[in-house]
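Undergrad: Give me the fold of what follows.
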Amino acid sequence: MATPVPTILLVDDEDTVRRFSARVLSQHGFDVISVGSGPDAVRVADEPGTAIKLLLTDVMMPGMNGCQLAELLLARQPSLRVLFI
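TA: The predicted structure follows:
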């Protein structure tokens with residue numbers, strides 16, 4: 001039986017950075033969901049059946065910054081790991 005692949009929620013408002021990061025992570029075997037904003041990340045995380053293991057987020061984003069996003073998602077899923085970029 002195969003080991004489940006951790007799902008990373010990648011959040012960055014810069015398209016080029018987000019696409020590059022998602023490609024590199026995918027090439028290294030991770031399941032990546034990439035979005036461009038905090039509100040989009042919250043919507044994805046709230047979808048039934050979504051099991052995010054790591055939030056990889058930009059700190060400085062318009063609207064909802066990475067720290068605010070992490071705080072919100074950690075309140076819903078305390079076991080979530082967070083890495084700021």
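Undergrad: and V32, how many residues sit next to it?
TA: Look at V32: counted by other Cβ atoms under 10 Å, it has 20 neighbours. (Each C-beta comes from the backbone N, C-alpha and C, glycine too.)
Undergrad: From L56, how far out is V24?
TA: Applying Cβ to Cβ, to the nearest Å, the value for V24 to L56 is 11 Å.
Undergrad: Which one's more surrounded, those two?
TA: Taking neighbours as other Cβ under 10 Å, V24 and L56 compare with L56 leading, 22 against 11.
Undergrad: Identify the residues contacting that one.
TA: Shown in contact with L56 (Cβ atoms under 8 Å, 6 or more residues apart in numbering): 8-11, 21, 25, 83, 85.
Undergrad: got it, and A70?
TA: Each residue near A70 by Cβ under 8 Å, 6+ apart is listed here: 55, 57, 82, 84.
Undergrad: and of the contacts of L56, the nearest to E71?
TA: Closest to E71 out of these is V11 (13.4 Å), distances taken as Cβ to Cβ.
Undergrad: who does the closest one bridge with?
TA: The bridge-partner assignment for V11, based on DSSP bridges, gives V35, T57.
Undergrad: Would you agree it is in contact with P39?
TA: No - taking contacts as Cβ atoms under 8 Å, V11 lies outside contact range of P39: 10.1 Å.
Undergrad: More neighbours: these two, which one.
TA: V11 (27 against 12).
Undergrad: Give me the local confidence score for that one.
TA: With respect to pLDDT, V11 scores 98.
Undergrad: Write the ChimeraX selection for whichever of the contacts of L56 are buried.
TA: With 16 or more other Cβ atoms under 10 Å as the burial test, the buried ones among those are selected in ChimeraX as follows:
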select :8,9,10,11,21,25
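Undergrad: What is the nearest of the contacts of L56 to E47?
TA: Using Cβ to Cβ, the contacts of L56 come closest to E47 at L9, 11.0 Å.
Undergrad: Just the element for the closest one, please.
TA: strand 7-11 (DSSP states H and E).
Undergrad: Which residues does that strand contact?
TA: Outside strand 7-11, the residues that touch it by Cβ under 8 Å, 6+ apart are 18, 21-22, 25, 30-38, 40-41, 44-45, 50-58, 61, 66, 69.
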